[in-house]
Every structure is written in C-alpha cells, then in structure tokens.
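Asks: Turn this into a structure:
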Amino acid sequence: MHNIKLTVAYDGTDFSGWQRQPGQPTIQGMLEGVVRQLTQEPAILYAAGRTDAGVHAWGQVVNFKTPSELTPEEFKHGGNALLPPSIRIRAAEEVEPDFHARWMAQAKTYVYSIYRGGVVPPFRWRYVWHVRQELDFAAMAEGARYFEGLHDFTSFAASTGSEDEDRERTMVRSIFCSQFIDGSKNGDAAAPIRGLQPYPEEWAYVVRGSSFLRYMVRKIVGTLLEVGRGRRPASDIPRLIEKRDRACSGPTAPPEGLCLHSVEYPDPAASLTEKRLMS
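Replies: Got it, this is the predicted structure:
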C-alpha cells in the first residue's frame, strides 16, 4: 500500500468547501473522484485543513493510501488532466505509511486579503474583501499582535453544529505570528513569510499557528476591522479573548478573502522519493 501526499491549490468560489457533501460540489469530492478514475479503486483523502465554502488554498496538503503502482508524477499529471482548472495539484510524492496530512501538521499559515483601492481589478474580486472605508492600519496592526501566544479562542470560533463536539473540543490554540502587511510598501522585508507580499492596493492579514478553529481567522479579521474603523481600541483584544464568549467578537469576515497559504510538517514526513534518491 502506498501513501501519496499531494499539495493542492484551488479557487474555492464555486465549491461548498473541502469536505465531501452529498449533492454538493466540494474539493474532497472532486479529488476523490479523480483518484478513483486513475486507480479504479475508491480512496479517502485526508486534508490538513477543512476549508469552508468560498475559501481558497495555495498550499493545502492531502494524503491517501492506494495499492496502485502509479508514480506520484503520474498522479500529478493525470489528476490535473481530469480536474477543472480551479483545482491544481502542485506537487505529489510518496511518503511514509504513518504520514497523515491533518494529524501530523505542525503549523498552518493563512492569509486574508483586504482590497483598499476604489475599484477591484476583475482578476482579484474573487480573492479579496473590498473595504472602501477609512481604516487605521496602525491600530489594526497593533491589535493583530495581541493574538500571538497560547490562548483560549472561544470568542473567535463558530460552533461545529454539534453540542457534544463543541463540549469536548479544546479551544486553546497557539499562534506564532499575527500581523498585517501593507501592500503599498515596496519589498517584502516586513513580510513574516519570505516572498509573501500583497498586491499594491491590498492589506494582508497573515497568521501562522499550530491549528485553527472553525471561522477563527475570519472572526479575528472582522474584529480587527472594528478596530480599524475606530469602534473599539486595539487594547480591547485581550479582554475579548479572556471573556470566552462568541457574542463579543466582531462580525465574521466573508470567505473570499481567505486563503490557506501553507502547511508545515516535521522532518520525518519527508518523501520516500527523496530518501531513495539520497540512498
């Protein structure tokens, strides 16, 4: 049995999120259908993060096990030939049998893009939240920093829809980096991730953490927009975190501005292909 890891990018606009849903177009459903076409065997794909409807990804990571002798490159090229242009397999590799895209992820980075210009370019409207109002960038940048560290994020998470699951899940998450980048500034020296520089008329909220709760990033962004509009001070963020009350956070930002940028794994998850080349 082979364990195949895929790095996938997708435009989530026309999909009902990652997770398979009867009668609905989903990323998982599309990929599993393609893998079945290639192998003539059913397969279950596990993702690093279950992105919601309308949310995009550049570095989503998935894995599946298969008895097929197709090479990783054949899965990549064959998959891209069958998938719609809105879903692309960027990389494919064989990994250790115990690798799991979700449970072995050490960190994820999300980027939320806010367009600040007067007219959104037609090739960006699917991927930004257009906010025309005057905003205080410095206050939002200050507020973003308060989310760094180990916190209970109950105030910034949506219900799973199950009372039992809500009661049992831990709401504590570790955020390693939380900051805004102004795309009008030249160069990416201030960017927390090398090469991640927003478009000239955009602000990007970049957050890197161990894992995230449902709607967590979008609720953080909605709250920081309230700070930017002067409706609450940046120093109010620690109090909101302490209250552990979902009713206290700002509105949930729309999904189109959010993108799963990348997922990080420990060294033992290195591909078998790389190990064979080195031996």
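
Asks: Every contact and neighbour count from this point should use C-alpha atoms.
Replies: Noted.

Asks: where are the low-confidence patches of the stretch 51-200 of the chain?
Replies: By pLDDT under 70, the low-scoring segments of the stretch 51-200 of the chain are 160-168, 186-197.

Asks: So which residues of it form helices?
Replies: 72-82, 137-145, 163-168 (DSSP state H, counting those that start in this stretch).

Asks: Buried residues in the longest one, which are they?
Replies: The neighbour-count criterion (16 or more other C-alpha atoms under 10 Å) identifies 72, 75, 76, 78, 79, 80, 82 as the buried residues of helix 72-82.

Asks: Let me know the distance separating the fifth one from residue 229.
Replies: The reference is to residue 79. 45 Å (C-alpha to C-alpha, to the nearest Å).

Asks: Could you report the neighbour count for residue 113?
Replies: 26 (other C-alpha atoms under 10 Å).

Asks: Let me have the helices of the stretch 51-200 of the chain in JSON lines, extended by distance to residue 90.
Replies: Putting these into JSON lines (distance: least, C-alpha to C-alpha, whole Å) gives the following:
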{"stretch": "helix 72-82", "distance to residue 90": "7"}
{"stretch": "helix 137-145", "distance to residue 90": "31"}
{"stretch": "helix 163-168", "distance to residue 90": "34"}
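
Asks: right, and those helices - which one's nearest residue 198?
Replies: Residue 198 lies closest, by C-alpha to C-alpha, to one member of the helices of the stretch 51-200 of the chain: helix 137-145, at 14.5 Å.

Asks: tell me which residues of the closest one are tucked away?
Replies: Within helix 137-145, judged by 16+ other C-alpha under 10 Å, the buried ones are 137, 139, 140, 141, 142, 143, 144, 145.

Asks: The last one is in contact with residue 179, isn't it?
Replies: Yes. Counting by C-alpha atoms under 8 Å, residue 145 does reach residue 179; the two are 6.2 Å apart.

Asks: Ok, which of the helices of the stretch 51-200 of the chain comes nearest residue 202?
Replies: Using C-alpha to C-alpha, the helices of the stretch 51-200 of the chain put helix 137-145 closest to residue 202, at 11.4 Å.

Asks: which helices and strands sit right next to the closest one?
Replies: Counting contacts by 3 or more C-alpha pairs under 8 Å, 6 or more residues apart in numbering; DSSP states H and E, helix 137-145 is packed against strand 172-182, helix 216-228.

Asks: I'd like to check what contacts that helix. Which residues are they?
Replies: Helix 137-145 is contacted from outside by 177, 178, 179, 180, 224, 225, 227, 228, 233, 234, 235, 237, using C-alpha atoms under 8 Å, 6 or more residues apart in numbering.

Asks: rewinding a little: residue 102 is nearest to which of the helices of the stretch 51-200 of the chain?
Replies: Judging the helices of the stretch 51-200 of the chain by C-alpha to C-alpha, what sits closest to residue 102 is helix 163-168, at 17.8 Å.

Asks: which SS state does the residue lying closest to residue 57 once chain neighbours are set aside fall under?
Replies: Using C-alpha to C-alpha, 6 or more residues apart in numbering and skipping residues adjacent in sequence, the residue nearest residue 57 is residue 260, 4.4 Å away. Of the three states, residue 260 takes strand under DSSP: H, G, I helix; E, B strand; the rest coil.

Asks: what pairs with residue 260 across the strands?
Replies: Assessed by DSSP bridges, residue 260 has beta-bridge partners residue 57, residue 110.

Asks: give the contact list for it.
Replies: Residue 260 touches 51, 55, 56, 57, 58, 59, 60, 108, 109, 110, 111, counting by C-alpha under 8 Å, 6+ apart.

Asks: go with 7 Å
Replies: 56, 57, 58, 59, 60, 109, 110, 111 (C-alpha atoms under 7 Å, 6 or more residues apart in numbering).

Asks: now the strands for the protein?
Replies: Secondary structure of the chain (DSSP state E): strands at 2-10, 46-47, 56-66, 87-95, 107-115, 129-130, 149-152, 172-182, 202-209, 258-264.
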